[in-house]
Every structure is written in C-alpha cells, then in structure tokens.
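Peer 1: my questions are about this predicted structure, shown below with the sequence.
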Amino acid sequence: MASSNTTAGVDNTFRKKFDAEEFKERAREREKKESDRSKSRSKGPPVQRAPLKHRDYHVDLESRLGKTQVVTPVAPLSQQAGYFCRVCDCVVKDSANYLDHINGKKHQRALGMSMRVERSSLEQVQERFEVLKKRKTPGTFTEQDLDERIRKQEEVEEEQKRQRREKKKEKKKGKVIEEEPEMDPEVAEMMGFGGFGSSKKS
C-alpha cells in the first residue's frame with residue numbers, strides 16, 4: 001500500500017551561502033584602504049632628537065611629605081593626590097614611580113630627547129678631570145696627619161672609658177647605700193639586727 005505522504009521537506013535554506021566574488025571585492029577594497037593609509041604616512045627622515053642631558057633642576061619629592069590633602073574626583077589633575085607631571089599631563093601615585101616616569105622613555109621623548117647619551121670626546125673628559133681636581137680641597141695628606149688623627153681618636157676613647165668607669169662606681173655606691181637603710185639602733189636591736197658575731201654586753 002502506497003501512502004501518499006504529504007509532509008513538507010526539511011528547510012535547509014538557513015545556511016549562509018558564500019559569494020566568492022563579493023568577498024574578493026571586499027578584500028580588494030581593504031587592500032586599497034591600507035595602501036592609501038600607508039601612503040598618507042610620509043616616510044620622511046626620522047625625527048632627530050637631542051641626546052640625554054643632565055637634569056638642571058631639583059626633583060621635589062619632599063614638599064608634600066606628611067601633609068594631608070582633601071582629594072575630590074572633580075579636581076583637576078594637578079591638584080589630585082600624587083605627583084603631577086606637567087610635561088605629560090599625568091598623575092603618578094608614589095615617588096618611586098614618579099622617578100621612573102621622569103627618567104623613562106615617554107617623558108624624555110616629550111621633552112624632545114632620545115634615550116641615547118652623547119659620546120664624550122677626549123677633551124671633554126680631560127676638562128672634567130681638571131674641574132674635579134680644582135674642586136678637591138687643597139693640601140696633601142701626610143703620615144703626620146694620620147698619626148695625629150689616631151692619637152686624638154685614642155684620647156677620645158680613653159676619656160669615654162674613664163667616664164664609663166666613674167658611672168659604674170657611682171652606681172655601686174648608690175646600691176651600697178640603698179642596701180644599708182638607716183635604722184634606729186634600738187629598733188634594730190629589738191628586731192635582731194645586732195650584727196653577726198657581735199658580742200652582747202649584759
């Protein structure tokens with residue numbers, strides 16, 4: 001018996017059909033945009049930055065130490081808690097990180113410096129040695145100076161030892177006086193504190 005089955009077939013048209021031509025066109029457009037973007041970035045000479053230089057100002061880390069400050073979320077960055085960097089317009093929370101920041105690459109680039117150090121010439125090194133020699137205190141060190149310093153140090157040590165001995169003697173005298181409280185002789189005799197081995201006269 002053949003039954004006429006009129007049930008509808010399964011609808012499998014939900015699957016996405018890929019159009020290869022459409023995706024090729026999208027890829028071409030993306031490549032065109034990327035090439036336009038790379039052309040817009042001019043490949044000129046690299047930016048020449050000055051080499052690192054010695055800091056000519058004092059880094060202030062202690063001015064706000066131990067002070068209390070009311071901090072609000074709507075306050076400008078320069079008045080918030082922590083250390084504010086005017087060059088980079090940022091706030092760093094503690095002194096160690098602030099030092100890392102001002103010595104770091106981002107801050108130095110904002111100042112217009114590269115992280116490379118200028119190579120010193122022979123003349124610069126010799127000039128630096130001369131400056132350091134002139135800064136040194138005049139006068140040469142001799143063995144007599146050393147002997148004098150040793151003798152003075154020994155005198156100071158002897159004085160300190162003598163003072164310590166005197167303090168110990170004073171402490172001992174104080175203890176002896178405390179151990180022998182002054183009592184009325186009659187009261188001491190009634191309590192039996194007449195002394196050891198002392199002979200009583202009747």
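Peer 2: It's in.
Peer 1: quick one: end-to-end distance for stretch 113-133.
Peer 2: End-to-end distance of stretch 113-133: 31 Å, with C-alpha to C-alpha, to the nearest Å as the criterion.
Peer 1: what mean pLDDT does it get?
Peer 2: What stretch 113-133 shows for mean pLDDT is 89.
Peer 1: gap between it and the chain center?
Peer 2: Distance of stretch 113-133 from the chain centroid (C-alpha atoms, centre = their mean, to the nearest Å) equals 28 Å.
Peer 1: again, but for stretch 151-170
Peer 2: Going by C-alpha atoms, centre = their mean, where stretch 151-170 is centred and where its chain is centred differ by 41 Å.
Peer 1: do stretch 78-87 as well
Peer 2: What separates the centre of stretch 78-87 from the centre of its chain is 18 Å, taken as C-alpha atoms, centre = their mean.
Peer 1: what comes up buried for that stretch?
Peer 2: Neighbour counts over stretch 78-87 (16 or more other C-beta atoms under 10 Å) mark Gly82, Tyr83, Phe84, Cys85 as buried. Yep, even glycine has a C-beta here, placed from its N, CA and C like the rest.
Peer 1: show me the contacts for the third one.
Peer 2: Same thing as Phe84. Listed by C-beta atoms under 8 Å, 6 or more residues apart in numbering, the contact set of Phe84 reads Leu77, Ser78, Cys90, Val91.
Peer 1: so, low pLDDT: which residues of the protein?
Peer 2: Within the chain, the ranges that satisfy pLDDT under 70 run 1-15, 39-46, 137-142, 176-183, 194-202.
Peer 1: max-length strand in it?
Peer 2: Across the chain, the longest stretch assigned as strand under DSSP state E is strand 113-117.
Peer 1: next structured bit after that strand?
Peer 2: Tracing the chain past strand 113-117, the next element assigned as helix or strand by DSSP states H and E is helix 122-135.
Peer 1: if we can go back for a sec, quick one: which of the contacts of Phe84 sit in strands?
Peer 2: Counting by DSSP E, the members of the contacts of Phe84 that fall within strands are Cys90, Val91.
Peer 1: from the contacts of Phe84, which two are the most distant?
Peer 2: Ser78 and Cys90 (10.5 Å; C-beta to C-beta).
Peer 1: quote the end-to-end distance of stretch 73-87.
Peer 2: End-to-end for stretch 73-87, by C-alpha to C-alpha: 22 Å.
Peer 1: dump the buried residues of stretch 78-87 to a markdown table, plus secondary structure and distance to Arg28.
Peer 2: What follows is the buried residues of stretch 78-87, written out as a markdown table (DSSP: H, G, I helix; E, B strand; the rest coil; distance: C-beta to C-beta, whole Å):
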| residue | secondary structure | distance to Arg28 |
| --- | --- | --- |
| Gly82 | coil | 51 |
| Tyr83 | strand | 52 |
| Phe84 | strand | 50 |
| Cys85 | strand | 46 |
